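Chemist: no sequence on this one, just coordinates:
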């Protein structure tokens, strides 16, 4: 039997956590609140817990390694906060884990003390500014395409799941009254500057649409 890779085990554990835990004890916030960044930008990741303000650490799954904690070869840790100056190889998954958790994610107990993960992407040329967390059904969502060194305002082309969905004047497009059909992987491109990575837009049902 083929042995599962560490990356596969980690992803499976995080997925089980997200599916089985209706309300996570801790959640990861990103400041500024977006999922894509230019290389050399700074970002702050904060583990927030309703029950206690400390005792959590930020871990990542990137090309630097699997399950490495903030302050171990990447980032600067200050309690449950992690400050990062980003490089392209910092693209990957980030999540919070309690000090008692097993970073290898080899048991169900370590999953129950972890937050669900957030995907961050780092680009040297073009980024798509989109919500890093799920948006509420019925809300309007604005996607913005930015080039690192724009010479002038150019229309940006937007794509969902690899298919062209339209041009945005001044580099922006608004999705009106989003629903589950708007969920997917979005990216954008600017002529002469390049293409952004893809980021997922997720939509959660509003309370008024949840059946008993």
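Modeler: Nice, I can see it. Everything numeric in this text was worked out from a predicted model, so none of it was measured. Residues are numbered from 1 along each chain as shown.
Chemist: next helix or strand past the helix or strand bottoming out on mean pLDDT in the chain?
Modeler: Evaluated with mean pLDDT, DSSP states H and E, the helix-and-strand set of the chain has its lowest mean pLDDT in helix 108-112, which scores a mean of 33. Moving toward the C-terminus from helix 108-112, the next helix or strand (DSSP states H and E) is strand 118-123.
Chemist: ok, residue 135 to residue 175 distance?
Modeler: Computed as Cβ to Cβ, to the nearest Å, the residue 135 to residue 175 distance reads 9 Å. C-beta here means a position set from N, CA and C on the backbone, and glycine is covered the same way.
Chemist: between the two, what contacts are shared?
Modeler: Overlap between the neighbourhoods of residue 135 and residue 175 consists of 141, 201, taking contacts as Cβ atoms under 8 Å, 6 or more residues apart in numbering.
Chemist: Check for me that residue 170 belongs to a strand.
Modeler: No - with DSSP: H, G, I helix; E, B strand; the rest coil as the criterion, residue 170 is assigned helix and is not in a strand.
Chemist: Can you pull the domain assignment for this structure?
Modeler: Each domain of the chain is listed here as a residue range: 6-123, 126-209, per automatic domain parsing.
Chemist: Make TSV out of the ones you listed and add mean neighbour count.
Modeler: Listed next are those as TSV, based on neighbours: other Cβ atoms under 10 Å:
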stretch	mean neighbour count
domain 6-123	17
domain 126-209	16
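Chemist: ok, of these, where does mean pLDDT dip lowest?
Modeler: Of all the domains of the chain, the segment with the smallest mean pLDDT is domain 6-123, scoring a mean of 75.
Chemist: pretty sure residue 39 contacts residue 123?
Modeler: Yes - contact criterion Cβ atoms under 8 Å: residue 39 and residue 123 qualify, at 6.9 Å.
Chemist: Since that was my last question, I'll sign off now.
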